[in-house]
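A.B. asks: Provide a 3D model corresponding to the input given below.
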Amino acid sequence: MAIIHPFRAIRPIPEKAKEIACVPYDVINSAEAFDLAKGKPLSFLHIIRPEIDLPLGTDEHADEVYSKGADNLRDYIVGPHSLKESVPSLYIYRLVMDGRSQTGVFGCVSVKDYNDDVILKHELTRPSKEDDRTRHITEQSAHAEPIMLTFKDDATVSSIIAETMVSEALYDLTSEDGVQHTIWKVSGPNGLVEAFKGVSNFYVADGHHRCKAASRTAEASGKPVTSEDEVNFFPAVLFPMGDMKILSYNRVIRKLPMGATAFLQDLRSRFEVRTVSDPVPSKKGDVCLFLEGSWHSITLPGATTNSVVDSLDVGRLTDFLLKPMLNITDPRRDQNIDFVGGIRGTNELEKLVNTGACQLAISMYPTSIEELVQVSDAGLLMPPKSTWFEPKLRSGFLVHTF
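C.D. replies: Here you go, the predicted structure:
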């Protein structure tokens, strides 16, 4: 039985919502956040990326960054551009991107459900990112951004969603990237609370680090995890699986163990290497690699075990390329590998190599939602950054405080 918890949201006054709502913290770096927030004093980036308000070059993990984020959130809460709901509520959140809609329920979920694997994970988290998110949550006494969960389609939940969407929306705006974001307030949350009791599990789609950080924050509070204290809940948007779309999550290697020419020769000794014009793999098992100004395609060998994790492309990539050729045995911690969301496209991968930011880019075939469920249901974990969900939620619409 899954718990969904209505909450008293801090939210923008409607006429300022478009100025406040912003991209989530983890799809941009500090420099990109600084550029996006230029001339936008109300942007929620000042809360989730507070280093942009400090001197250029400030380490995003410096003490003053966390305290600045807390100060900015407090100023927002008491300022004229936000309001706090008078009663706990639930919401419906629809995103429309390129003509495809995705509609879910915006509410809080339970730390206890996360700890007890009612909320199922599919990826390992990076300790440094856990620490960062925990620090932000603790200092702000708030979960400033929602995570994205998915669940197996449920007729009762879908019916309540549809009924709510005929009412007037709280917010209806189109962001700079062309995605339409519409939010409705549910009239009486009890129906959804009861309906979700019939849902056995939630699956983490996007936000593993924020989930873990919420759990760590609740544990550090000393409050019993079974209590109704707000620290034991964190915000999420829950989407039926039928609405979800996964893009590839690509990889870049900062430094090769040898020159690019020698590496390509080594690659040819291990795989059949094909020079290709299309940098997007056409099927599961194929990956494309960019080095020496060209794209090359290889087919990964089959998994050596029957484990669903080992059969994933991201797992086979580690077993047959990252470990033996690059000595990357733990992608969670190895600083020589980084990850680039599929929404940025393969042009971004080429740019990173051509500018010298990295020496090798790897274009992946997307993990499927069926693979995510199989891994989660088996109680297993994927390698880090195995899935990239799109479109992304906007931050700043509904903030949960504790």
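A.B. asks: buried sites along stretch 182-189?
C.D. replies: Under the neighbour-count criterion of 16 or more other C-beta atoms under 10 Å, stretch 182-189 has 182, 183, 184, 185, 186, 189 buried. Heads up, the C-betas are built off the backbone N, CA and C, glycines and all.
A.B. asks: repeat for stretch 308-322
C.D. replies: For stretch 308-322, a neighbour-count test (16+ other C-beta under 10 Å) marks 308-309, 311-318, 320-322 as buried.
A.B. asks: circling back to that earlier point, turn the buried residues of stretch 182-189 into CSV, including pLDDT and secondary structure.
C.D. replies: CSV is the format used below for those (pLDDT from 0 to 100; DSSP: H, G, I helix; E, B strand; the rest coil):
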residue, pLDDT, secondary structure
182, 98, strand
183, 98, strand
184, 98, strand
185, 98, strand
186, 97, coil
189, 96, coil
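A.B. asks: How far does the helix ranked longest in the chain sit from its chain's centre?
C.D. replies: For the chain, the longest helix by residue count, based on DSSP state H, is helix 63-78. Here the centre of helix 63-78 is set off from its chain's centre by 23 Å, with C-alpha atoms, centre = their mean, to the nearest Å.
A.B. asks: which other residues reach that helix?
C.D. replies: Under the contact criterion C-beta atoms under 8 Å, 6 or more residues apart in numbering, helix 63-78 has outside partners 10, 46-48, 50-51, 53-54, 58-59, 82, 84, 135-136, 139-142, 144, 399, 401.
A.B. asks: now do stretch 26-46
C.D. replies: 16, 19-23, 25, 49, 51-53, 56, 60, 72, 81, 144, 209, 341, 343, 392, 395-396.
A.B. asks: Restricted to buried residues, select these in PyMOL.
C.D. replies: Remark: buried members of the contacts of stretch 26-46, expressed as a PyMOL selection using 16+ other C-beta under 10 Å:
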select buried, resi 19+20+21+22+23+25+49+51+52+53+60+72+81+144+209+341+343+392+395+396
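A.B. asks: Now, the contacts of stretch 26-46 that are in strands?
C.D. replies: Those of the contacts of stretch 26-46 mapping onto strands are residue 341, per DSSP state E.
A.B. asks: So which of the contacts of stretch 26-46 belong to helices?
C.D. replies: Residues of the contacts of stretch 26-46 located in helices (DSSP H): 19, 20, 72, 209.
A.B. asks: On the three-state scheme, the nearest residue to residue 56 once chain neighbours are set aside is what?
C.D. replies: Residue nearest to residue 56 in three dimensions, not counting chain neighbours: residue 34, with 8.0 Å by C-beta to C-beta, 6 or more residues apart in numbering. With DSSP: H, G, I helix; E, B strand; the rest coil as the basis, residue 34 sits in helix.
A.B. asks: Relative to the centre of this protein, find the outermost residue for me.
C.D. replies: The centre of the chain is farthest from one residue, residue 269, which by C-alpha atoms, centre = their mean lies 36.9 Å away.
A.B. asks: so which strand or helix has that residue?
C.D. replies: Using DSSP states H and E, residue 269 sits within helix 260-270.
A.B. asks: So which residues make contact with that helix?
C.D. replies: Contacts for helix 260-270 (C-beta under 8 Å, 6+ apart): 256-258, 273, 289, 291-292, 296, 298, 320, 324-325, 359-360.
A.B. asks: Show me which positions of it end up buried.
C.D. replies: Under 16+ other C-beta under 10 Å, the buried positions of helix 260-270 are 263, 264, 267.
A.B. asks: Redo those residues as a markdown table? Include pLDDT and distance to residue 166.
C.D. replies: Listed next are those as a markdown table, based on pLDDT from 0 to 100; distance: C-beta to C-beta, whole Å:
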| residue | pLDDT | distance to residue 166 |
| --- | --- | --- |
| 263 | 97 | 58 |
| 264 | 97 | 58 |
| 267 | 97 | 56 |
